[in-house]
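> Structure for the following, please:
(one chain, ligands or ions: 2)
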Amino acid sequence: MPQDRAQQEVEISSGRIQRLPQHVVERIAAGEVIERPASVARELIENALDAGATTVRVAMREGGLRLLRVADDGAGILSQDLAMACQPHATSKVRSLEDLERVATLGFRGEALASLAAVAEVEIVSAADDDGLARAITVAGGSSSPTSLASRPRGTTVTVRHLFGEVPARKALLRRHGAEGARVAAVVRHYALIHPAVRFALVADEVLTLQTRGAGQVEAVADLYGPDVARSLVQFGPQHSGAATLAGLVSPPPFDLPDRQHVVVAVNGRPVANRALMSAVEAGYRPLLRKGRHPIVVVTIAVPPEDLDANIHPAKAEVLLRDEPAIRPALRSALYAALGSAKAAARAQHAHERTALAPAVQLRLPVPRKRRGLTLGETPARYRAPAPDAEPDLSDALPELEPLGQLDYALIAARAPGGHLYLIDQHRAHERMLYDALTRQMPAAAASAQDVLTDSADHDGAMSGQMLLMPVLVELTPRQADLLLPRLEELAGIGFECQHFGGSAFLVRSLPALPEAPADPGAVARALAQDAAEDASDWLDHVRTSLACRSAIRRGQPLSMQEQRALLDGLRTTAAPARCPHGSPLILRYSSSFLARAFEW
Ligand code: ADP
Ligand code: MG
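Numbering: from 1, shown residues only. Ligands and ions are numbered 1, 2, ... in the order given. You can find the predicted model right below:
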């Protein structure tokens, strides 16, 4: 046994290379499985689902860092197994190498609970039958308490406290509670969509933030995104591609969103982040949506267990699929066909609306028509009309406005009660709304301003950024670096995740969520970092302004009547609706008496 001998020699080596102590090994391994509170949620939810739960309740405090608890009504853990469950590589799901070839459960490595116990305090209360008696155990820092008696109906509650309490380096990499909590919420949402027969609930800091009925996939979408979205969904499949079965649903415009967060691809019940599958999904919807927009999509792929290797990623986020080359085109065309049919139906509906509105849309104003991105006020002499009433008083609240139509895809013409005519610059109006939302720094408000054109409710409650595929390295001057360093947390709050990379270099990991994916994220990252490193007390304001400007809908973009209305309604809620954040006018008002005078009625 030459290998054993080699091993022994290593053990007694007196050289500089030493085998790591067991608790260090465990801590390192834990780091791969448990990255942040969302990974805790994922592992515990998977355990609950593996145990056959029909109800999964997740509770968290402080974004899951202080406490994350998952309670289920599954099979429970036998009292004699309780201590073993937290040991490394201890599992009830796989016994042999052959089992590993066809894993039918979500878990199989026996690592989750052990990893958690290495980086947090873990309490498990579980009952494996219905007599009301349960056993409890607490494991932390490599040692476990003796089991004690407890009481609960059949099922398991795992409570994880003080995650990374003893791992300050990892804790420092996490974002503020709101952002981590939003990721936990995303995990719960994904499993709720993929396992729609199971009832899910999430309670964040004592507040019930989401809940599903366990009735079906469309119902789950209704519970999570609202009944309007659910009604608009297009379903596809189940259809076969080789041994795989694909099925799913997708939301057509206007229920599209500025980020990919709501695109869920599941393989055998587990949400995966396979680049290839994700890009096949995107290739399916991309030609049918505006640039930078993404639908809500849930794709479920079922393959025979032996065609799948989930063992290639520590957190199982990536999987290897034997049939992937065949699945990709099938996926793309399924999505394309589903969304295409929905768009065709919507177009018919839209045409109908247009006829109904025809007289209003015909409205033409004495403003040059040929030019795009026209600037108001510089009216050529030929068209020169008497000046309008002036811009509305800044202190005036905006009246309720009824959109009449879009002019040159730049302005919205709108009617106010009393027959007054308003012209609103669509870009500046949206810019103003986004800016206000960013200023209020109320994460939920910011998210809803982003979503205003889609009417969709996002329950995340945080302004989550768009993760960059590759972090962007930004080099600043030492002076700029000094200025930027104390501002990193504040920036993370608006989704701009910037990490000090030594010296005056920074790694930008995420950009604030923009409705249009920037063509050159590197350039945006650099520009925002420069703005944020400005030597001015109102630096954050500059970041907000430049962000709002980059995110706002452009002139030249067609808007449906519904989108126009959403924009006008949103504008009414802003603080200073008459001017954009740069200080340029965004509204012109022609009062009915002005119109009467000008036309000599
Ligand atoms: P794995 O899921 O890979 O087996 P874990 O560390 O997640 O590894 O869990 C270890 C074992 O503990 C599982 O195999 C299972 O037997 C048991 N277990 C964990 N969570 C639950 C639960 N919620 N309900 C029932 N059994 C559980
Ligand atoms: Mg597990």
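> mind checking pLDDT for the closest residue to residue 562 other than its chain neighbours?
For residue 562, ignoring the flanking residues on the chain, the nearest one in space by CB to CB, 6 or more residues apart in numbering is residue 254 at 6.1 Å. C-beta here means a position set from N, CA and C on the backbone, and glycine is covered the same way. Listed pLDDT for residue 254 reads 79.
> mind checking the SS state of residue 254?
Of the three states, residue 254 takes coil according to DSSP: H, G, I helix; E, B strand; the rest coil.
> So is stretch 109-118 next to ligand 1?
Yes. Contact of stretch 109-118 with ligand 1 (CB under 6 Å from any ligand atom) involves 109, 110, 111, 112, 113, 114.
> What is the neighbour count of the residue in the stretch 1-150 of the chain that ligand 2 sits nearest to?
Closest to ligand 2 within the stretch 1-150 of the chain is residue 107: 2.8 Å, counting by CB to the ion. Using other CB atoms under 10 Å, the number of residues around residue 107 comes to 22.
> Contact partners for it?
43, 46, 47, 50, 91, 93 (CB atoms under 8 Å, 6 or more residues apart in numbering).
> Nearest spatial neighbour of the spatially most central residue of the chain, chain-adjacent residues omitted?
With distances taken as CA atoms, centre = their mean, residue 261 lies nearest the centre of the chain, 3.5 Å away. Using CB to CB, 6+ apart and skipping residues adjacent in sequence, the residue nearest residue 261 is residue 186, 6.2 Å away.
> helix or strand right after the helix or strand of the chain with the lowest mean pLDDT?
Using mean pLDDT, DSSP states H and E, helix 443-450 stands out as the lowest-scoring helix or strand of the chain, at a mean of 38. Counting by DSSP states H and E, the next helix or strand C-terminal to helix 443-450 is strand 465-475.
> Okay, buried residues for that next one please.
Residues of strand 465-475 classed as buried under the neighbour-count rule (16 or more other CB atoms under 10 Å) are 465, 466, 468, 471, 472, 474.
> Identify all residues paired with the last one through a beta bridge.
Note on residue 474: beta-bridge partners residue 506, judged by DSSP bridges.
> what about the residue of the chain found nearest ligand 1, which SS state?
At 2.3 Å from ligand 1, residue 107 is the closest residue in the chain, using CB to the nearest ligand atom. Under the three-state scheme (three-state DSSP), residue 107 adopts coil.
> Determine which two of the residues of stretch 109-118 next to ligand 1 are furthest apart.
Using CB to CB, the two most remote members of the residues of stretch 109-118 next to ligand 1 are 109 and 113, lying 10.7 Å apart.
> out of these two, which sits in the more crowded spot?
Neighbours per residue, other CB under 10 Å: of residue 109 and residue 113, the larger number sits with residue 113, 25 against 20.
> Tell me which residues are up against the host helix or strand of that one.
Assigned by DSSP H and E, residue 113 belongs to helix 112-119. The contact list for helix 112-119 (CB under 8 Å, 6+ apart) reads 23, 26-27, 29-31, 33-34, 40, 43-44, 46-47, 85-90, 122, 124, 139-142, 144, 158, 160, 163-164, 166-167, 170.
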